[in-house]
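> Quick one, structure for this:
(one chain, ligands or ions: 2)
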Amino acid sequence: MAKGKSVWFCSSCGSESAKWLGRCPDCGEWNTFVEEKVTKESKNTSTNRAIFDIKLSKPQLLKEVTFVRENRISMGNREIDRILGGGLVEGSLVLIGGEPGIGKSTLSLQLALNKRGSADNPFNTLYVSGEESCKQIKMRAQRLSNEENNCYVISETLLENIINTARETKPDLLIIDSIQTIYSDTIESSSGSVSQVKECASSLLRFAKEFNTPVIIIGHITKDGSIAGPKILEHIVDVVLQFEGESRGVYRILRSIKNRFGSTSELAVFEMTGNGLREVLNPSEMLIPMHDASLSGVAIAAMLDGTRPFLIEIQALVSTAAYGTPQRSATGFDYRRLNMLLAVLEKRAGFKLASKDVFMNVAGGLKVTDTGCDLAIVTAILSSNFDIIIPSNICFAAEVGLSGEIRPVAQIERRIAEAEKLGFKRIVISSFNKESAFDNHSIEVIQVADIASLCKMLFKG
Ligand code: TYD
Ligand code: MG
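Ligands and ions are numbered 1, 2, ... in the order given. You can find the predicted model right below:
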């Protein structure tokens, strides 16, 4: 490629093209191509080669490949170890993605501070920040922990300097905050652009594999997608952990969405406190208010996130619409699915919701995608509409179909077991769930077939 040549990159998937395209042929997204200047044969390429000292590798017969179980490093944090599949694998590249302000820097610094190793075998972490000065990191670290630590910090944005420093200091863990702020001078485009992000990530990957050092990189997700999001990075890295949650709420979910060394259905819940993130070992207990005074418009859903059962509070408020078009709002839940559930209630159960404002909220600032919450949402709406209190010792786990039928959901046994563990007396599920799934539980299981029988059960006729 000639010096200073323009190349077009898809900002969604990183696909490359010699000219601008309206629609990306790889990922199908529209209007995502951005122009970038790329210089491959620049002055630094030779030094770059020397850094990585590329060797030719010989093909090996598969049966001759010796297999050693990957070495895992426990991070001293049970939840993190669990979602990583038992600890951080040596030489792995881990991406922590999330929206700004969600707590990525806090989490990674906390990991660095907590992992100290022993006196004769210290565990050194190199924390590279392209966003904050060493003073700012120190201020944050003081809030997080006041114990001794082996965390080295540098404020640096040039990739080549970072890798050289890491080669010299040989840390046991390298943390890059964030991939969008660092740049390689072999590429002309500005930091955060698709080609820079790709180049930096693959250089860090080579470093991780060569020195067998785990590398954690932080990546921002922007809503408008104007800078290269971690989507492109997902292909390069070994593990992708996504940080989710309302940044205003206190609960954060860390979810494993790709893991070459473990399961991807793991998730961990954290609470953001004044002293950093705290593990929430039993999320259900935190998310269900233990208030005695029952209120209308509240129902508890036994939901599943990944493979982890949760009980969460669903709140609804139905009031007479003040304007011509009724307002609908859903916080922590898909707005379109709420509209669908309202349409089902309107059509199948004859509720005149078209003249009502409906507001729905998932308590604790969580986002739910499990359709097993449908029944609790429908119940909360009905409860608010008729101002009838749902007893606080009853929970719900079923999907609502378009014809008003109550459909079964996956892993009902685990939901029932979780509800029972938390002291619920009754759980409402679909009548299509097989009885064998719950016959050895002491909790009373109520099965309903459709919205009409749900109403009958809730409001006694
Ligand atoms: P941060 O980790 O900087 O987010 P990110 O790196 O993902 O952009 O911090 C997120 C928020 O957390 C920030 O608004 C301040 C808050 N916070 C606390 O509430 N307690 C704390 O101990 C710390 C360090 C931050
Ligand atoms: Mg940050």
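> Skipping its backbone neighbours, what lies nearest residue 328 in space?
Nearest-residue entry for residue 328: residue 358, 5.3 Å, with adjacent residues in sequence omitted and distances by CB to CB, 6 or more residues apart in numbering. Placement of C-beta: from N, CA and C, glycine included.
> Kindly state the beta-bridge partners for that neighbour.
Counting by DSSP bridges, residue 358 forms beta bridges with residue 318, residue 328.
> where does the nearest residue to residue 264 once chain neighbours are set aside fall, phi/psi-wise?
Of all residues not flanking residue 264 in the chain, residue 256 sits nearest, at 5.2 Å (CB to CB, 6+ apart). Dihedral pair for residue 256: phi -90, psi 120, per degrees, to the nearest 10.
> my read: residue 256 touches residue 238, true?
No. Checked against CB atoms under 8 Å, the pair residue 256 and residue 238 is beyond contact range at 11.2 Å.
> Which one of those two is surrounded by more residues?
Higher neighbour count among residue 256 and residue 238: residue 256, with 22 against 19, using other CB atoms under 10 Å.
> residues in contact with that one?
By CB atoms under 8 Å, 6 or more residues apart in numbering, the residues touching residue 256 are 83-85, 239-242, 262-267.
> Buried only: go through those for me.
Among the contacts of residue 256, the ones that count as buried by 16 or more other CB atoms under 10 Å are 83, 84, 85, 239, 240, 241, 242, 262, 264, 266, 267.
> How are the strands of the stretch 51-200 of the chain distributed by residue range?
Remark: strands assigned in the stretch 51-200 of the chain by DSSP state E, counting those that start in this stretch are 72-73, 88-89, 93-98, 125-129, 151-155, 173-177.
> For the ones you listed, could you give me TSV that also reports distance to ligand 1?
TSV is the format used below for the strands of the stretch 51-200 of the chain (distance: least, CB to the nearest ligand atom, whole Å):
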stretch	distance to ligand 1
strand 72-73	22
strand 88-89	19
strand 93-98	6
strand 125-129	10
strand 151-155	14
strand 173-177	7
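> Minimum distance to residue 370: which of these has it?
strand 93-98 (20.4 Å; CB to CB).
> tell me which strands and helices that closest one is in contact with?
Judged by 3 or more CB pairs under 8 Å, 6 or more residues apart in numbering; DSSP states H and E, the packing partners of strand 93-98 are helix 104-114, helix 194-211, strand 215-220, helix 230-236, strand 239-244.
> what do you get if the cut-off is 10 Å, keeping everything else the same?
helix 104-114, strand 173-177, helix 194-211, strand 215-220, helix 230-236, strand 239-244, strand 251-259 (3 or more CB pairs under 10 Å, 6 or more residues apart in numbering; DSSP states H and E).
> which residues does the closest residue to ligand 1 within the stretch 251-400 of the chain bridge with?
Closest residue of the stretch 251-400 of the chain to ligand 1, CB to the nearest ligand atom: residue 276 (4.1 Å). Legend: beta-bridge partners of residue 276 under DSSP bridges are residue 273.
> which residues does it contact?
Residue 276 makes contacts with 103, 106-107, 109-110, 113-114, 140-141, 143-145, 270, as judged by CB atoms under 10 Å, 6 or more residues apart in numbering.
> Can you tell me which residues in the stretch 251-400 of the chain are near ligand 1?
272, 274, 275, 276 (CB under 6 Å from any ligand atom).
> same question but for the stretch 101-250 of the chain, I mixed them up
Residues of the stretch 101-250 of the chain lying close to ligand 1 by CB under 6 Å from any ligand atom are 101, 102, 103, 104, 105, 106, 140, 143, 144.
> Give me the neighbour count for the last one.
The criterion is other CB under 10 Å. On that basis, residue 144 has 18 neighbouring residues.
> tell me the pLDDT at it?
With respect to pLDDT, residue 144 scores 91.
> how's the chain carved up into domains?
Domains of the chain are assigned by automatic domain parsing as 3-53, 72-281, 286-459.
> For the chain, just list every one of the helices.
In order along the chain, the chain carries the following helices (DSSP state H): 45-52, 78-83, 104-114, 134-144, 159-169, 194-211, 230-236, 283-287, 335-349, 374-386, 412-421, 451-459.
> Check which residues of the fourth one are buried.
Within helix 134-144, the residues that qualify as buried are 137, 140, 141, 144, counting by 16+ other CB under 10 Å.
> Pick the one among those closest to ligand 1.
Nearest to ligand 1 among these: residue 140, at 4.9 Å, using CB to the nearest ligand atom.
> and among the helices of the chain, the most buried is which?
The highest mean neighbour count among the helices of the chain, using mean count of other CB atoms under 10 Å, belongs to helix 374-386: a mean of 25.
> Report the angle between that helix and helix 335-349.
70 degrees (axes from the mean of the first three to the mean of the last three CA atoms, to 10 degrees).
> Figure out how far helix 374-386 is from the centre of its chain.
A distance of 28 Å separates the centroid of the chain from that of helix 374-386, by CA atoms, centre = their mean, to the nearest Å.
> what does stretch 201-221 give?
Chain-centre distance of stretch 201-221: 20 Å, with CA atoms, centre = their mean.
> and residue 421, what does it touch?
282, 284, 285, 309, 311, 443.
> any idea of the pLDDT on the third one?
What the model reports as pLDDT for residue 285 is 68.
> And the fifth one, by the same measure?
Listed pLDDT for residue 311 reads 88.
> Enumerate the beta-bridge partners assigned to it.
residue 302.
> What of residue 239?
residue 94, residue 259.
> From residue 316, how far out is it?
Taking CB to CB, to the nearest Å as the measure, residue 239 falls 38 Å from residue 316.
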